[in-house]
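S.K.: I'd like to go over a predicted model; first the sequence, then the structure.
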Amino acid sequence: MTTTATSADATAPGEVLLAVDGLRVAYPGRGLRRRPTEVLHGVDIALRPGETLGLVGESGSGKSTLGRAILGLAPVTAGTVAYRGRDITHAPRAQRRELAREIQVVFQDPYGSLNPAHTIGRILEEPLTAVRAMTSTAAQARIAALLDRVALPAGAVHRLPREFSGGQRQRIAIARALALDPRVIVCDEPVSALDLSTQATILDLLTEIQETTGVAYLFISHDLAVVRRLAHRVAVMYRGDIVETGTGDQITAHPEHPYTRKLLMASPVAHPARQAERRTARAALAEG
Amino acid sequence: MTAPSAAAETAARPGLGTRLLRNPLAAGSSLVLALVALAVVLAPWIAPFGPNEGDIADAHQSASGSHWLGTNAIGGDIYSNLLHAGRYSLTGAALTLAVASVLGITAGLLAGYFRGWFENAATAVIGLLLALPGMIVLLAARAAFGPSLWTSMTIVGILAAPAYFWVVHASVSAVRREPYIDAARVSGLSDPRIIRRHVLAAVRGPIFIQTAAVAGAAIGVQAGLEFIGLGDPNMVTWGTMLNDGFKDLYAHPMLMIWPSLMVSTVCVAFTLLGIGLRDTTEGAAAPRTRRRKRPTPSPTAARTADRDGALLSVRGLRIGYPQPDGTVTEVVRGVDLDIARGQVHGLVGESGSGKTQTAFAVLGVLPEPGHITGGSVLFDGTELADAHERTYAPLRGLRIAYVPQEPMSNLDPAFTIGYQLAEPLRRRMGMSRAQARTRALELLDRVGIADPEGTLRRYPHEISGGMAQRVLIAAAVACDPDLLIADEPTTALDVTVQAEVLDLLRDLRAERGMGVLLVTHNLGVVADLCDHVSVMRAGEIVESAPAARLFDAPQHAYTRELLAAVVDDEGPARPPLSTPNEPVPREAAE
Amino acid sequence: MLSYRLRRTLSGLRQLAAATVVSFLLLYAASGDVARNLMGESATREQVDQKAAQLGVDQPVWTQFADWLGGAFQGDLGRSWFTGQEVTEAIGIRFPVTLSLIVGTTVLTALLSAVLGVWAGTRRGGADRFVQVLSVLGVALPGFVVALVLVTQFAIRLEWFPATGYTPVEVSFTGWLKSITLPVVALTFGGMVFVTQQLRGAVIDTLRQDWVRTLRTRGLSSRRILFVHVLRSAAGPAVSVLGLHFIGLVGGAVIIEQVFTLPGLGQYTIGATASGDLPVVMGIVLLTAVVVFAANLATDLAVGWLNPKARRS
């Protein structure tokens, strides 16, 4: 925490932007004398500028907890989270507020992640005026640019979240994440609640934003196919550990860990004949 | 996949004040309270006499020009006394409100937002306060501190603080879990700002409602205390007037009636204000459901010819939801569907396409006020379109069964798995307790549950989602149904569990020759299980074809669009990031 | 389940102890010169000091508490400062009256709320509005106003019930029933609405649960779904409110006893507090704390039985 951040401004492209080392997270047990439950058992990841690291796993694997720990929303018991070489594991509130300009989030739930009582304008304005201390006029211009960035009409500012579809709300959440020009966005299942066709357009939008702004994503999902489409590298999580890391093609073509194989074989293919083949392969895997 | 958001939601709503004035209950009661408050404040100027000012010679006069409501036992003017007394009564209530709200709201906010030790300490203190009988505390305090109105009302305030704590804590805890609060924190907003902008706004409504309730209660408690002679003897209040009146109830009942009326009016006004506030802040009451009076759908009997042999045959099915403005919103508009015995028919569509509504219509469990507005649902010769419960009696749970989407919310949390499995076996199939138990064990074993004995004894919250879904499938196939309606049966499950559940459904279908209506949005699941597929969009079926043909040669543009949007693991993955000073490791591609 | 019972009992005992200690210390610390009040202004200093020593109020408050507690464990709550009567004996005579009232009210409240709550929750519409009107009246009209209306109508005009007084149950059952009917009705009228509203809301919420639909698809009758499944889930919160209502009654009965001049704890309490007879007040505080402890425990166990999930926390 004593490392100064000033030198980090000249981040070289190959340098690690966000490094997680031996991270353990445990939630306190309920009631008296209950043992805490550890959900991450020492996880290491590294994220480079402009990179997407996909994190795939089933419910309870700890993938979302890892994202929350990076954002300072989960109780870390051991290990470190470092942003540009600076330890931010237990950053105090004031430092966290500064980090808001660097690390942002898009949550799964496009309904719950926007305050239902606030207009879109108010939602997008909040970080701009409160954190970047922008004037109202400057903020208005920035909001218009942000809405344009996520392909929403400028008139959206006067409307409430409930007037938008799930996909549109997720665009608003992305615009809010972009408001502070962060270097890292933690995307926690951003397309899981969306319909098929909307899912694809949001994934395309995320890719396009990355290509123009160079933001890095930690992309968390339960869906290997989705992760592989967006991620430069994929990490497979299972019961609080990362069991395998590799490129998307490596993971799907040559899965090393038995769990990765099981996960892959269990994902149905949207074609009857090819799915029948996969089913046979899965049965063989289960027996062999 | 619940009912469509039927109520067309209005755009930006007017401010709370405006909405309040539009609510007749709130506006009326506010007006009454304002008048009472005004009269009380102006008492020194508008009351014809001072408090208890009068001549003993004028005692017990009835209403007259000089004494509008008559006089009391010492000749005091009742009308003037009522006005003067109101000052103490209302100030006392205000004191209670101030104490209760400051303590309760602050503690509730802090405990709900920051959690930790403060929450534990606060809930312990509140628990203690709630466990104290309020009246005994008040009496004990009077014994210790003497008969002071202000002391009593302060204590009432402390005792009423849990009422605020309760609602504020509950609302804040609920808001605290909302992702938008996490998002605000990640946006770099400070805690005071988050509390002010996001949390307080959410608890404002409940606080107002609670204030109206506490104010009414404070007036009532104060009057009650003084009524039984525990007031400050030197003050004229509504309560002491009641006390005086009660002593002479039989001879001069009017002495009792006027202050009673005053107290009741104020209490009723506060209560009605609370209800008005609740209605305005929580949105108007749900549209009233009238008794059924609907046009009976005309079964299209003419076309039965082409429906022979089908287990389930749906023709021109329409489903509508009546709106508050009298119109009916149709969510399903003319669906045709045939399922043969032993066939798995996939009904695919995106959210809001009407696929779940169609399934509910077949089962006869459309959520109120939705109903079938037209068409025919023929199950093995029985017409089910808007049929009476009696028509369904021999079908549901015996020949038609249902597997829901969300395993956890579809088991009754208060009963064991064993009870819930055995109940239909005993009630519907007439098995004895022992028979039902044996059968339940067989079923659990059949759906692949490792420890059937132990599972029977467990409650739903003690098993995993995958196990719960197996239990629900076991319950559905318990009666060997002819038709199984499965609504997104694997959507809530992990993909590895999904594969196992799909295998189970496939085996059961083969084993029992059930027809299956499989509602899903997942084309992979369709490819895995279905013989025939219908694609639904906006309440209509756009394409219906055998599975192989639909995937290989989709006819409708929407089907093609859906298939194109599928993200699966067969296409190329995104290549690794290449950077100037760190090229892609060659070995990665192997 | 066993550990759940144990945990609830221990937490109740903690509350009981806390309420007793806090009450004692506040009461005795805040009381003035008791001996002087008793002896009057004319008594000499020595006489007053002698009286204080006799009552034990010259001791530090902790010592007094230790003495009182020691006695309480042996069933001795001391004597009234004014009448010299044993506190346990005085309370023993009056408690059955108050207990009749609060138990009678709780039973009537439970019955009426169950009927009205389920009716309004399932039928909505007109039933809902009826319950709403009843609720407004029940909440808004102070209990003593209702009591006065009942007395004038049913006791004075129709003479169906006695206006005042109490007949012990061992003297005459019908007499007892008649003497508590009006007070019980008056008490029920005000408190019933909270339980009814709670149950109505819970029934409506529960009927919307997914599992209700699933039970329907299994062909179970609507009656069985409502009375076996829905009611069990919906009853939990209503029972909690009923428990709180019972506690409120322990105090609320005081006013009603006054209106009907019932010889219960109410009048005795008022008298003792007005005169500052602390041993009596303390005895009543202890009794009510024990009643509250028992009520809370019963509520917790009932809720735990109704809702298996509640047993965990």
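M.R.: Here it is on my side, so go on.

S.K.: Roughly how far does residue C:305 sit from residue C:299?
M.R.: From residue C:305 over to residue C:299 the distance is 11 Å, taken as CB to CB, to the nearest Å. The C-beta positions use only the backbone N, C-alpha and C, and glycine is treated the same way.

S.K.: Show me what residue of the stretch 451-590 of chain B gets nearest to chain C.
M.R.: In the stretch 451-590 of chain B, the residue that lies nearest chain C is residue B:459 (4.5 Å; CB to the nearest CB).

S.K.: how about stretch B:420-436: buried residues?
M.R.: By 16 or more other CB atoms under 10 Å in any protein chain shown, the buried positions in stretch B:420-436 come out as B:420, B:421, B:422, B:423, B:424, B:425, B:426, B:427, B:428, B:429, B:431, B:436.

S.K.: and which of those is nearest to chain A?
M.R.: Comparing the buried residues of stretch B:420-436 against chain A with CB to the nearest CB picks out residue B:420 as the nearest, at 23.7 Å.

S.K.: sec struct for the closest one, please.
M.R.: helix (DSSP: H, G, I helix; E, B strand; the rest coil).

S.K.: Phi, psi for the residue nearest the centre of chain C please.
M.R.: In chain C, the C-alpha nearest the mean C-alpha coordinate belongs to residue C:250, at 2.7 Å (CA atoms, centre = their mean). The phi/psi pair for residue C:250 (degrees, to the nearest 10) reads phi -50, psi -40.

S.K.: Which of the buried residues of stretch B:420-436 fall within helices?
M.R.: B:420, B:421, B:422, B:423, B:424, B:425, B:426, B:427, B:428, B:429, B:436 (DSSP state H).

S.K.: out of those residues, what pair is the most spread apart?
M.R.: B:420 and B:429 (14.7 Å; CB to CB).

S.K.: coming back round to it: the residue of the stretch 451-590 of chain B closest to chain C: neighbour count?
M.R.: Neighbourhood size, residue B:459 [other CB atoms under 10 Å in any protein chain shown]: 20.

S.K.: Now do the contacts for it.
M.R.: By CB atoms under 8 Å, 6 or more residues apart in numbering or on different chains, residue B:459 lies in contact with B:413, B:414, B:415, B:416, B:417, C:308, C:309.

S.K.: Now the buried members of these.
M.R.: For these, a burial check counting by 16+ other CB under 10 Å picks out B:413, B:414, B:415, B:416, B:417, C:308.

S.K.: so how far is chain C from the third one?
M.R.: Using CB to the nearest CB, to the nearest Å, one obtains 7 Å as the distance from residue B:415 to chain C.

S.K.: and that residue, which of the three is it?
M.R.: Residue B:415 falls in the coil class when you classify it by three-state DSSP.

S.K.: Give me the phi and psi angles of the nearest residue to residue B:427 once chain neighbours are set aside.
M.R.: Among residues not flanking residue B:427 along the chain, residue C:220 sits closest, at 6.1 Å (CB to CB, 6 or more residues apart in numbering or on different chains). Taking degrees, to the nearest 10, you get phi -70, psi 150 for the backbone angles of residue C:220.

S.K.: Please tell me I have it right and residue C:220 contacts residue B:397.
M.R.: Yes: counting by CB atoms under 8 Å, residue C:220 touches residue B:397, with 7.1 Å between them.

S.K.: Restricting to C-alpha, output stretch B:444-464 in CSV.
M.R.: Output of stretch B:444-464 as CSV, limited to C-alpha atoms (Å, rounded to 0.1, in the frame of the first residue of the first chain):
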residue,chain,number,x,y,z
LEU,B,444,-36.3,-40.8,-5.9
ASP,B,445,-34.1,-43.7,-6.7
ARG,B,446,-35.3,-43.6,-10.3
VAL,B,447,-34.5,-39.9,-10.8
GLY,B,448,-30.9,-40.6,-9.6
ILE,B,449,-30.9,-39.4,-6.0
ALA,B,450,-28.2,-41.1,-4.1
ASP,B,451,-29.8,-41.2,-0.6
PRO,B,452,-33.6,-41.5,-1.1
GLU,B,453,-34.2,-42.4,2.6
GLY,B,454,-32.4,-39.3,3.8
THR,B,455,-33.9,-37.1,1.2
LEU,B,456,-37.4,-38.0,2.2
ARG,B,457,-36.8,-36.5,5.6
ARG,B,458,-35.2,-33.3,4.4
TYR,B,459,-36.9,-29.9,3.8
PRO,B,460,-36.5,-28.1,0.5
HIS,B,461,-34.0,-25.6,1.8
GLU,B,462,-31.7,-28.5,2.8
ILE,B,463,-31.2,-29.8,-0.7
SER,B,464,-29.4,-28.4,-3.8
